[in-house]
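1. Sequence unavailable; structure follows:
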């Protein structure tokens with residue numbers, strides 16, 4: 001299964017390290033290609049920027065520029 005890399009355009013609640021947190025815009029993360037995000041919320045960086053495998057729980061995985069409130 002392939003993954004896509006996304007970057008948040010707006011602050012969004014998402015699971016991070018097993019807890020729901022408010023993740024700030026600019027955060028880059030990988031998620032399953034079958035997950036659909038609203039284009040107003042995220043920018044799809046794949047295939048221009050290769051994604052990595054998801055963590056064992058298979059959920060969205062923030063990978064850099066993670067800023068939470």
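-> Arrived safely, thanks for sending. All figures in this text were calculated on a predicted structure; none of them were measured in a lab.
2. alpha carbons only for contacts and neighbour counts from here, please
-> Noted.
3. Helices along this protein, start to end?
-> In the chain, no segments count as helices under DSSP state H.
4. Provide a list of residue ranges in it with pLDDT below threshold.
-> 1, 53-58, 63-65, 69 (pLDDT under 70).
5. So what pairs up with the spatially most central residue of it in the strands?
-> Nearest to the geometric centre of the chain sits residue 29, at 3.0 Å (Cα atoms, centre = their mean). Judged by DSSP bridges, the bridge partners of residue 29 are residue 6, residue 62.
6. I'd like the distance between it and residue 41.
-> Using Cα to Cα, to the nearest Å, residue 29 is found at 13 Å from residue 41.
7. What of residue 30?
-> For residue 30 relative to residue 41 (Cα to Cα), the value is 14 Å.
8. Which of these two has more residues huddled nearby?
-> residue 30 (25 against 15; other Cα atoms under 10 Å).
9. list the contacts for the nearest residue to that one once chain neighbours are set aside?
-> Spatial nearest neighbour of residue 30, excluding adjacent residues (Cα to Cα, 6 or more residues apart in numbering): residue 5 at 4.4 Å. Residue 5 makes contact with 28, 29, 30, 31, 44, 45, 46, 47, 49, 50, 51, according to Cα atoms under 8 Å, 6 or more residues apart in numbering.
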